[in-house]
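Undergrad: generate coordinates for the sequence data below:
(one chain, ligands or ions: 1)
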Amino acid sequence: MTLASAAHNLVRQPEVVTASSITHVRPQDIPVRAFATQGQPTAVLGVGVCLPDRVLTNAELEQMVETTDGWIVERTGIRERRMAPPGTASWELGAAAGREALAAAGVEPEEVDLVMVASSSPDAPFPSMACRVQESLGLANAWAFDLLAACTGLLYEVAVADAMIASGRCRTALVIGAEVLSRILDWSDRSTCVLLGDAAGALVVGTPQRGGGIRSWCLGADGRLWNLLTYGQRADKGAYAVGDTEARFRMNGRETYLFAVDNFARQAEAVLAAAGLGVGDVDLFVPHQANRRIIEAAARRVGFSMDQVMVNIERFGNTSTATIPLALRDAADQGRLQPGDRVLLASFGAGLTWAACLLEWE
Ligand SMILES: CC(C)(COP(=O)(O)OP(=O)(O)OC[C@H]1O[C@@H](n2cnc3c(N)ncnc32)[C@H](O)[C@@H]1OP(=O)(O)O)[C@@H](O)C(=O)NCCC(=O)NCCS
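TA: Take a look at the predicted model:
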């Protein structure tokens with residue numbers, strides 16, 4: 001067999017293994033564990049966002065796929081989302097959000113010891129987006145790497161930053177979630193293309209001056225559920241291995257929905273218990289914005305009233321790693337984040353992965 005025919009066989013794999021293959025794992029069999037933080041406290045010192053100007057409305061999607069504004073609003077809560085211009089790199093949005101976060105925190109570029117970029121729509125295997133951001137923002141003293149944990153990536157980054165700061169290896173970290181998801185969507189698949197949007201968000205994580213800080217964490221993953229949210233036709237191998245140059249986002253929406261409601265509720269209960277707090281002690285629950293109905297169902301199950309919950313999915317859709325900074329920014333703009341407020345952040349994503357933390361706002 002010649003190299004050319006071997007390569008040909010490789011790209012013509014007949015079997016399709018995508019998000020349509022259902023994994024039966026009972027929610028109660030998925031371990032959700034939490035712990036209280038120790039050592040040097042760390043806090044969120046600044047928030048930045050970057051939103052492309054172009055707004056894509058549900059009415060426009062009605063012209064593209066067989067859907068209606070009514071269906072999208074009722075089933076997801078989404079009214080519009082942003083689209084980056086063609087050719088935009090995720091790191092470019094990330095750098096803009098990072099610049100804004102540093103300004104909000106009053107942190108100079110040379111004070112940053114570590115920069116991480118998480119993304120579900122990364123630009124390339126290398127160089128990392130974090131290195132492009134490091135150069136772009138002049139973070140001369142920062143080490144830099146990308147983190148892949150899908151929508152959970154931003155909170156995983158905060159967990160890494162927290163551990164680095166707590167152990168004295170780092171004083172200030174810039175963590176970024178950056179997405180140009182529009183380029184990995186199947187624009188003929190109505191069950192996914194209506195859900196997502198482009199954006200970036202960033203947080204500066206460092207040492208608190210006013211007594212705020214992260215009190216507890218819940219961090220987890222369950223690889224048995226890898227096939228609920230996937231990329232490409234042969235997700236068991238990955239798009240590169242089978243030469244799938246047309247790979248697109250695929251999802252088993254129903255199973256993901258059921259997982260998400262249960263996971264949000266169990267994470268919230270676990271981080272609260274680890275911090276020695278109850279539902280009534282939380283000033284604001286800021287969940288990953290994947291679907292308004294998921295958020296409402298989880299809030300009901302835990303016992304939060306909706307005025308304890310931040311929802312802004314109607315304007316941006318699901319922006320994967322960027323949703324939590326976007327929600328924190330809107331909450332701050334609405335006066336819903338005051339120093340000392342107890343804030344519960346929670347996310348889940350492909351992998352499957354999940355993370356939640358309870359913090360006191362600085
Ligand atoms: C995707 C999601 C909104 C679908 O909502 P749902 O209420 O579960 O709807 P279903 O998937 O059961 O589909 C119901 C019907 O609506 C149809 N439908 C799907 N998308 C549609 C759309 N955009 N417009 C109109 N109809 C649509 C389906 O084809 C189906 O039709 P059928 O009954 O004739 O087969 C929901 O499952 C969801 O949000 N899942 C989790 C997504 C998520 O969190 N993803 C990101 C993780 S980070």
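Undergrad: close to the ligand: what parts of the stretch 151-300 of the chain are there?
TA: Residues of the stretch 151-300 of the chain found near the ligand (C-beta under 6 Å from any ligand atom) are 151, 190-191, 194, 229, 251, 253-254, 256-257, 260, 290-291. From N, CA and C alone the C-beta is placed, and that goes for glycine too.
Undergrad: not including adjacent chain positions, what is the nearest residue to the closest residue to the ligand within the stretch 51-200 of the chain?
TA: Nearest to the ligand, among the residues of the stretch 51-200 of the chain, is T67, at 3.3 Å (C-beta to the nearest ligand atom). Nearest in space to T67, with sequence neighbours left out and distances taken as C-beta to C-beta, 6 or more residues apart in numbering, is R190 at 4.8 Å.
Undergrad: cool, R99 as well?
TA: Closest to R99 by C-beta to C-beta, 6+ apart is L137, at 5.9 Å.
Undergrad: give me every residue that touches R183.
TA: S121 (C-beta atoms under 8 Å, 6 or more residues apart in numbering).
Undergrad: in its sheet, what does the helix or strand where G48 lies sit against?
TA: Counting by DSSP states H and E, the element that carries G48 is strand 43-50. Within its sheet, and counting by DSSP bridges, strand 43-50 is paired with strand 199-206 (antiparallel).
Undergrad: outline the domain layout of the protein.
TA: Per the record's domain assignment (automatic domain parsing), the chain is made up of the domains 32-36+213-236+249-360, 43-206.
Undergrad: among these, which is nearest H24?
TA: Smallest distance to H24 across the domains of the chain (C-beta to C-beta): 8.9 Å, for domain 32-36+213-236+249-360.
Undergrad: look up how far Q38 lies from the nearest residue to C151 once chain neighbours are set aside.
TA: Closest residue to C151 in three dimensions, ignoring its sequence neighbours and counting by C-beta to C-beta, 6+ apart: G349, at 3.1 Å. Separation of G349 from Q38 (C-beta to C-beta, to the nearest Å): 27 Å.
Undergrad: so those two - more neighbours on which side?
TA: G349 (27 against 8; other C-beta atoms under 10 Å).
Undergrad: which residues does that one contact?
TA: Here G349 is in contact with S120, A149, A150, C151, T152, G153, L229, H288, S320 (C-beta under 8 Å, 6+ apart).
Undergrad: by pLDDT, give me the weakest of these.
TA: Least confident by pLDDT among those: that is L229, with 93.
Undergrad: ok, that one - how many residues close by?
TA: Residues lying near L229 (other C-beta under 10 Å) number 26.
Undergrad: quick one, what contacts the residue nearest to it when sequence neighbours are not counted?
TA: In space, and not counting its chain neighbours, L229 is closest to A350: 3.6 Å by C-beta to C-beta, 6+ apart. Counting by C-beta under 8 Å, 6+ apart, A350 makes contact with S120, A150, C151, W226, L228, L229, T230.
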